[in-house]
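Visitor: Compute the structure for the input listed below.
(chains A, B and C)
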Amino acid sequence: MSNYFKNIKNAFKLKHYVNYIGVGAVLLLFTVLYYVGALNRATPNLLIQIGYSIILAVSLNLVVGLLGELSLGHAGFMCVGAYLGATVANALAGTLPLTLVLIISILAGGVSAAVFGFIVGLPALRLRGDYLAIVTLAFGEIVRNICKNLPFFGGAQGLQSEFYTEYLKAGKRALPLFIPTFIAVLFMLFVVQNLIRSKHGRAITAIRDNEIAAKAMGVNVTYYKLFVFVVSAFFAGVAGVIYTGTTSPIQYSFFSYNYSIEILVMVVLGGMGSIGGSIISAILITYINFALKSMLSGDMAAVKTLVYALILIVMVIYKNAPALKNVREKFNLQNLKEKIMSKVFKVKSSESDIRDDAGEWDEIPTKIITDEVLSTDFNLTTYTPDKPDKNQK
Amino acid sequence: MSENYVLKTENLGISFGGLKAAQDVNLKIKKNEIYGLIGPNGAGKTTVFNMLTGVYQPTYGTFYLNGEELKGLKQEAINQKGIARTFQNIRLFNNMSVIRNVMVGLHNNPAFKCNPFVSMFRLPSHFETEKNMRNKAKELLKIFGLLEERNILACNLPYGKQRKLEIARALATGPKLLLLDEPAAGMNPQETAELMETIKFVRDNFDMTILLIEHDMSLVSGICDRLTVLNFGQVLAEGNVDEVLNNPEVVRAYLGDD
Amino acid sequence: MSTLIDGLSLGAIYALIALGYTMVYGIAKMLNFAHGDIIMVGAYAVFTTLMMGETVGAKILAIVVSVVVCTALGVLVEKCAYRPLRGASPLAVLITAIGVSYLLQGMSQLIFGAKSHPVDFTIHGSFMGINYSTIVTLVVATIIMIGLTLFVNLTKTGRAMVAVSEDRAAAQLMGVNVNFIIMLTFAIGSALAACASIFYLMQIPTVSPTLGSMPGIKAFTAAVIGGIGSIPGAMIGGVLLGVIEKLALSVPAIAPYTTAIEFSLLIIILLVKPTGLLGKKRREKV
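Guide: Okay, the predicted model is just below:
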């Protein structure tokens, strides 16, 4: 056991914990403010929205940034989680303590969304890119269409959420929902970041970088694609259940294709593959939506659409256009950081070429076993061909 | 056992919509041999590699690795059975560091088995696995002289080192047979000479059998034990290097009729 | 019987839109997500022109304006948003296309408002119980499709398009101006979308900023069912989807689930035969 902690200590790198620290600090700060009574009525609601947006953005980033496939049905998974989670919660509400109901329904919503993630992941094995994006989009629409029309789910009126009413009833006596929400965010970060920084995360990024080479290295592409879809859908489902705690009735129209795009905007704005970036842009976009809600109602909601559209187009062209390669290299955050480091702190960065989150074990001195093998007189550079060359003229 | 060949192909062939890209390819490669597969451009050499690694399913014939039939398996399964390859146009994981490229190669090594849930929840064996994988990868990188560059992105390596990294990554999968697709393409004579030494080193120290495609005749005659020449998808000649390279038909295939 | 005719005419609209998808996909190798919104812009062009008066002359003018606006827009979008990304990863192009789709929706919402407006473009009256609008749609759409097939197969430019879709690099070496061909493809696709918008208005006489997204996605479904990249495939897929939609809508028990049925069909086709009915298989070179 002590060995286990030694391993954790050896693997410790501050930058791997920044996200936990940030999210944890936010949770702590607002919990204190809440119990002191310094929060206005709207803030806890905003915090919940931010919380589930982070979960959605990071879990979508798993598919888009890490696996390199485009999913346009993330709101569909959220919808599955919300409806099924709320059904479970409605059945249990009143019989069990509220927090317990929440945990059970989160698990139920997550698992049911994960099942759908598996089903949607199946086409991902045979299709790439554009086709898969359309399949995920179609999936989202199918789910919405069914939720809208099934009498069991309240039809067009939407599904009543007992959660929400119970929370309203409990008022100040209940644990404010933003606390479990942020605990869910921390749990999600724990799972996702650990997954990325493991051999499995490497295998997944290998598939993104070069699927053919990954197959040739024996990476089971089928398994990992399904795996990523299942994990990503699970957390989208969790986000859906959290959403049911903020409103009633649950409206199928919330989970539209536009909402999937909004999540995609968060991922693209934060940087594909960057977990920290997704967190920051999820907070930013949710906050802006919240702050400008009264201003951007009615026809002015189009401004929001326009801004999202421009973010998507400008960011993607800037990051990907072959013609802008030089500009990108000139105005690169990494280079900027190095410049500041060398100018201000007179430190020459030794990590100039490290653009990759190489994992935890870099700095640990290890004894290399092959030292003896290599210390023989084998030398690669002083080779002279011993055979005269017949065919080269 | 009568099957003492590492790789044995029987009338291996494939046709794409009527075009026979390769036919009746019979290779018999013994253990620890360095075997060359040569031929003019478009002769079907890479097609043979693609069949041996499961990229294409052969239309005719079959092949055996140490007596076990591998025809019909998927690419990842064939790699796990013990055939690893490099690519003619280098296919590294460009946005990953050098060491992570090799660690992907170690993915299926039975010594580093680790369930995804163990990794997701950081159970003790996750740390052990990661540490051991990293050390193993460092060993391999040291052998190939890439240890210093281990944290550089693979796409930022110079060309020659990218080729070496591809070989290191292929070896990391623990193969019994290594397929090298034009390993010396684009190298200068100095680099080619180094590469020949590396290939021999791999054969001797990893107890490896190697099948390689090459156009550089100095490399072929320098290290290959035996050769097969392909032309228009068919075997033109096979045997010892000197024999084959002096075969009038081979000379005609390369230089054309006078 | 009238359901079938309705289905055929809806299918003809889908086919026209699907042709735009399939041609762009075949030649520029990208999924033009904004294609559906070009239909919407076409419909708004008609709406704006008709504000001046609803005479027959204005209606004919509206058709011309719609086609010109859509064609210009298609070329503009290609030039500004897609051309800089030629050679970049397909994922990047796809996300940009989604952005363009959003941009068009946002702009028209800003200009015309989110509410839908009525547009009177229906040809009133019927023949043997079938609306004139339906008959006109069917006949004109068929003529357009025959014309397009002849253009692609018989003219030099059409053959250049086929060449670019087969092998862009080789076509360039043979002296084909690839940029021009891709631009032309977008122009033709957008012009077809303008025609589709007019037929659409004949059937559903209102415009709104999100008018194009559902027909767009459904037409893409049609293109995939027919085999993306294949022109006859898009036509067959479109007609098939239109008939299925109208048939499903005519059965009260399953009518609410029509969308789900159509999209399930898409997923099933992609799983069973990813190349669609008439598509060709492509291998990645190793």
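Visitor: got a pLDDT number for B:Asp258?
Guide: Here the pLDDT value assigned to B:Asp258 is 52.
Visitor: Closest to the centroid, which residue in the chain?
Guide: With no chain named, the answer covers chain A. A:Val58 (1.3 Å; Cα atoms, centre = their mean).
Visitor: Name all residues that make contact with it.
Guide: A:Met188, A:Leu189, A:Val192, A:Phe235, A:Ile275, A:Ser278, A:Ile279, A:Ala282 (Cβ atoms under 8 Å, 6 or more residues apart in numbering or on different chains). In short, each C-beta sits where N, CA and C put it, glycine included.
Visitor: Return the member of those nearest to chain C.
Guide: A:Ser278 (14.9 Å; Cβ to the nearest Cβ).
Visitor: I'd say the closest one and A:Val268 touch.
Guide: No. Using Cβ atoms under 8 Å, A:Ser278 is not in contact with A:Val268, being 9.7 Å away.
Visitor: Between those two, tell me which one has more neighbours.
Guide: A:Ser278 (31 against 28; other Cβ atoms under 10 Å in any protein chain shown).
Visitor: does the helix or strand where the more buried one lies come close to chain B?
Guide: Assigned by DSSP states H and E, A:Ser278 belongs to helix A:275-291. No. Using Cβ under 8 Å from any Cβ of the partner chain, helix A:275-291 stays clear of chain B, coming no nearer than 14.3 Å.
Visitor: where does the chain dip in pLDDT?
Guide: Reading this off chain A. A:1-4, A:7-13, A:128, A:296-299, A:331-393 (pLDDT under 70).
Visitor: my question was about chain B
Guide: In chain B, residues with pLDDT under 70: B:1-3, B:255-258.
Visitor: Identify the residues contacting stretch A:255-265?
Guide: If you take Cβ under 8 Å, 6+ apart as the criterion, stretch A:255-265 is touched by A:53, A:56-57, A:60, A:64, A:70-76, A:78-79, A:82, A:137, A:140-141, A:143-144, A:147, A:240, A:281, A:285, A:308, A:311-312, C:95, C:98, C:102, C:213.
Visitor: repeat that with 6 Å
Guide: Outside stretch A:255-265, the residues that touch it by Cβ atoms under 6 Å, 6 or more residues apart in numbering or on different chains are A:Leu56, A:Ala57, A:Leu60, A:Leu72, A:His74, A:Ala75, A:Met78, A:Cys79, A:Gly140, A:Arg144, A:Tyr308, A:Ile311.
Visitor: from those residues, which is closest to C:Ser2?
Guide: A:Arg144 (30.1 Å; Cβ to Cβ).
Visitor: close enough to count as contact, that closest one and A:Gln251?
Guide: No. Using Cβ atoms under 6 Å, A:Arg144 is not in contact with A:Gln251; the gap is 10.2 Å.
Visitor: So between these two, which is more surrounded?
Guide: Neighbour count, other Cβ under 10 Å: between A:Arg144 and A:Gln251, A:Arg144 has more, with 22 against 17.
Visitor: got the residue ranges for the helices in the stretch 101-250 of chain B?
Guide: B:116-120, B:124-143, B:159-172, B:189-205, B:217-223, B:241-246, B:248-255 (DSSP state H, counting those that start in this stretch).
Visitor: The first one vs chain A: in contact?
Guide: Yes. Judged by Cβ under 6 Å from any Cβ of the partner chain, helix B:116-120 comes into contact with chain A at B:Pro116, B:Ser119, B:Met120.
Visitor: coming back round to it: chain B: which of the contacts of A:Val58 is nearest?
Guide: Closest to chain B out of these is A:Val192 (8.3 Å), distances taken as Cβ to the nearest Cβ.
Visitor: Look at the closest one and say how many residues are nearby.
Guide: A:Val192 has 24 nearby residues by other Cβ under 10 Å.
Visitor: Pull out the buried members of the residues of helix B:116-120 next to chain A.
Guide: B:Pro116, B:Ser119, B:Met120 (16 or more other Cβ atoms under 10 Å in any protein chain shown).
Visitor: From those residues, pick out the ones that also neighbour chain C.
Guide: Contacts with chain C are made by none of those, judged by Cβ under 6 Å from any Cβ.
Visitor: And those residues, which is closest to C:Leu91?
Guide: Among these, B:Pro116 lies closest to C:Leu91 (Cβ to Cβ), at 24.4 Å.
Visitor: Next, the residue lying closest to that closest one once chain neighbours are set aside: phi, psi?
Guide: Once flanking residues are discounted, B:Pro116 sits nearest to A:His200: 4.8 Å by Cβ to Cβ, 6 or more residues apart in numbering or on different chains. Phi and psi for A:His200, reported as degrees, to the nearest 10, are phi -70, psi -40.
Visitor: burial count for A:His200?
Guide: Neighbour count for A:His200, taken as other Cβ under 10 Å: 25.
Visitor: repeat for B:Asn205
Guide: For B:Asn205, the tally of surrounding residues (other Cβ under 10 Å) stands at 14.
Visitor: now A:Leu46
Guide: Neighbours of A:Leu46 (other Cβ under 10 Å): 19.
Visitor: That one is in contact with A:Phe290, isn't it?
Guide: Yes. If you go by Cβ under 6 Å, A:Leu46 and A:Phe290 touch, sitting 5.1 Å apart.
Visitor: any idea of the mean pLDDT in whichever helix or strand C:Leu271 is part of?
Guide: Here C:Leu271 sits within helix C:258-272, counting by DSSP H and E. Mean pLDDT, helix C:258-272: 84.
Visitor: which residues touch A:Phe178?
Guide: Per Cβ under 6 Å, 6+ apart, neighbours of A:Phe178: A:Pro44, A:Leu47, A:Ile48.
Visitor: Chain neighbours aside, what residue packs nearest to B:Lys164?
Guide: In space, and not counting its chain neighbours, B:Lys164 is closest to B:Phe144: 4.8 Å by Cβ to Cβ, 6+ apart.
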